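A.B. asks: From the sequence below, what's the structure:
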Amino acid sequence: MRIHFIAIGGSAMHNLALALADAGHQVSGSDDQILEPSRSRLREAGLLPRSEGWHPEQINENLDCVILGMHARQDNPELLQAQRVGVKIQSYPEFLFSAVEKDRRIVVGGSHGKTTITSMLLHAFKAIKSPVNFMVGAQLEGFDRMVHLDPRVQTAVFEGDEYLSSPIDRRPKFFWYQAHFTLLTGIAWDHINVFPTEEDYIKQFDTYLETLAPNASVVWCEEDPHLAAVIRRTKRSDLTFIPYNTPVSALETDGTSMVSWADGKTSRTPLIGTHNMQNLAGARALAATVGISASDFDSAMINFTGAARRLELLLETQNFIAFRDFAHAPSKLRATTAGVKDAFPNRHLTAVFELHTFSSLNRAFLPTYRKALERADEQIVYYDPEVLKHKKLPELDSAFIAECFGNSNRLRIIDSKADLQVFLDAQQKADSVLLMMSSGWFSKVTPSWLD
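C.D. replies: Numbers count the residues shown, from 1 in each chain. Reported below is the predicted structural model:
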């Protein structure tokens, strides 16, 4: 097939492009900005566009398909040209579904933890030498790409995102997948730019249950009240619901956690934090549902270290530990901060959070972050005024942000890259833990102790 990507530089998009090129398809693409690591990976595969920008002359009736990324706008010149010449246009999730339509489909959804749980399941499948097609939202150790599509494989594991499919397909991505097996971690309002109220957001999960394949199995966290309400409301009698809970765990002296399961078994994992134990319980329940035994799953998790930027260890010395995490929504901040503090109760915890997403920079959404960093001994909220300009959002002031997070003498607001650099450079302190949380890159500020 001849396939063209509009907005090829995105994390998911460039991985799909690499996978399709590797499978023998003729792939091209465009974007107005391609950052690392996408740029280097596309260049190595011979897929990096010759110049940045949109080039409608590349779009003609000889293409089999155009895959449209969310980064593009509705008036994108290449999209308009594709519509004029009648080329088939598919969103990223629509294309994925068409590639695995005959597979047994396993989808992990929810407002938090889905990347980690998808990664755990993929790690378990790899450990038992059972090949699967997959799409996951982060780079995994032992996997070349975040996307794999092989027509000879009969099982697909996808991370199910509730964000929109494309600029011209306003449905959540996970509506496309028609899962036979799914896991839902919980529901916490996010994406205020497309779901303006909490009720709007929750309705997407009601609808998601309606999109599942006949007689699907639903693994769900029964500790989440919003999710429990969605489960109670569904009118589908053909679905099988399998609940899970956070297991009892304890951090061992060697930095691993000992987990006690309801079936009387125990297992070890290098992961820490209550939220990761909840993720582990969900992945274990889902694994059992799709045919991976508890013993095989537990054995696989002994060396599972997590997905990139999911409580990723940056530096560890005798007296200092630094983590980076993708957390950005209020529920994720609370869970990650509490999990790290519980793991290191006797150390000074400094939590640094970057306001980066559209929701986190929105004045109407910011109050939902109240006390999200409460468990940290020192709380830093950073934002870059240039990001507000790029997203065409109104200016923010430090006093308003502080009020939204819950004014505290432990809280500091930083709005300067230079000030953030000075602060981070000084954080390698004795008996301390630094937790850096963002869906962005802290304006490319890197602590000197990581050089």
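A.B. asks: Residue 375 touches residue 349, doesn't it?
C.D. replies: Yes - the criterion here is Cβ atoms under 8 Å, and residue 375 meets it with residue 349 at 7.3 Å. To be clear about C-beta, it is placed using only N, CA and C from the backbone, and glycine gets the same treatment.
A.B. asks: Quick check: neighbours shared by those two?
C.D. replies: Overlap of the contact sets of residue 375 and residue 349 (by Cβ atoms under 8 Å, 6 or more residues apart in numbering) consists of 337, 341.
A.B. asks: what about the strands in the stretch 251-400 of the chain?
C.D. replies: Secondary structure of the stretch 251-400 of the chain (DSSP state E, counting those that start in this stretch): strands at 257-260, 266-269, 312-316, 320-325, 348-354, 378-382.
A.B. asks: how about a markdown table for those, with mean neighbour count and mean pLDDT added?
C.D. replies: Output for those, formatted as a markdown table (neighbours: other Cβ atoms under 10 Å; pLDDT from 0 to 100):
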| stretch | mean neighbour count | mean pLDDT |
| --- | --- | --- |
| strand 257-260 | 17 | 93 |
| strand 266-269 | 18 | 94 |
| strand 312-316 | 14 | 90 |
| strand 320-325 | 22 | 94 |
| strand 348-354 | 23 | 97 |
| strand 378-382 | 23 | 97 |
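A.B. asks: got the end-to-end distance for stretch 183-194?
C.D. replies: Stretch 183-194 has an end-to-end distance of 23 Å (criterion: Cα to Cα, to the nearest Å).
A.B. asks: wait, I meant stretch 430-439
C.D. replies: End-to-end for stretch 430-439, by Cα to Cα: 28 Å.
A.B. asks: Now for residue 234: which residues touch it?
C.D. replies: Contacts for residue 234 (Cβ under 8 Å, 6+ apart) come out as 206, 209, 210.
A.B. asks: now with 10 Å?
C.D. replies: 205, 206, 208, 209, 210, 212, 218, 241 (Cβ atoms under 10 Å, 6 or more residues apart in numbering).
A.B. asks: Find the helix or strand that the second one is a member of.
C.D. replies: Right, residue 206. helix 198-211 (DSSP states H and E).
A.B. asks: Off-centre distance for that helix?
C.D. replies: Centroid separation for helix 198-211 versus its chain: 19 Å, with Cα atoms, centre = their mean, to the nearest Å.
A.B. asks: can you start the count at 37 instead of 1 from here on
C.D. replies: Sure, I'll start counting at 37 from here, so that last one is helix 234-247.
A.B. asks: Counting by contacts, list what the helix or strand following it packs against.
C.D. replies: With elements assigned by DSSP H and E, the helix or strand that comes after helix 234-247 is strand 253-257. Counting by 3 or more Cβ pairs under 10 Å, 6 or more residues apart in numbering; DSSP states H and E, the packing neighbours recorded for strand 253-257 are strand 140-145, strand 217-220, helix 261-269, strand 276-280, helix 310-325.
A.B. asks: Strand 253-257 to strand 140-145, inter-axis angle?
C.D. replies: Using axes from the mean of the first three to the mean of the last three Cα atoms, to 10 degrees, the inter-axis angle of strand 253-257 relative to strand 140-145 is 20 degrees.
A.B. asks: Could you list the paired strands of strand 253-257 along with their orientation?
C.D. replies: Next to strand 253-257 in the sheet, as set by DSSP bridges, lie strand 217-220 (parallel), strand 276-280 (parallel).
A.B. asks: Let's have those strands in CSV, adding mean neighbour count.
C.D. replies: Shown next, in CSV, are the strands paired with strand 253-257 (neighbours: other Cβ atoms under 10 Å):
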stretch, mean neighbour count
strand 217-220, 28
strand 276-280, 15
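A.B. asks: Near residue 61, how many other residues are there?
C.D. replies: Here the number of neighbours of residue 61 (other Cβ atoms under 10 Å) works out to 14.
A.B. asks: can I assume it is in contact with residue 37?
C.D. replies: Yes - between residue 61 and residue 37 there is a contact under Cβ atoms under 10 Å: 4.8 Å.
A.B. asks: Give the residues shared as contacts by the two.
C.D. replies: 100, 101.
A.B. asks: wait, residue 260 sits on residue 224?
C.D. replies: Yes - with contacts counted by Cβ under 10 Å, residue 260 reaches residue 224, the gap being 8.4 Å.
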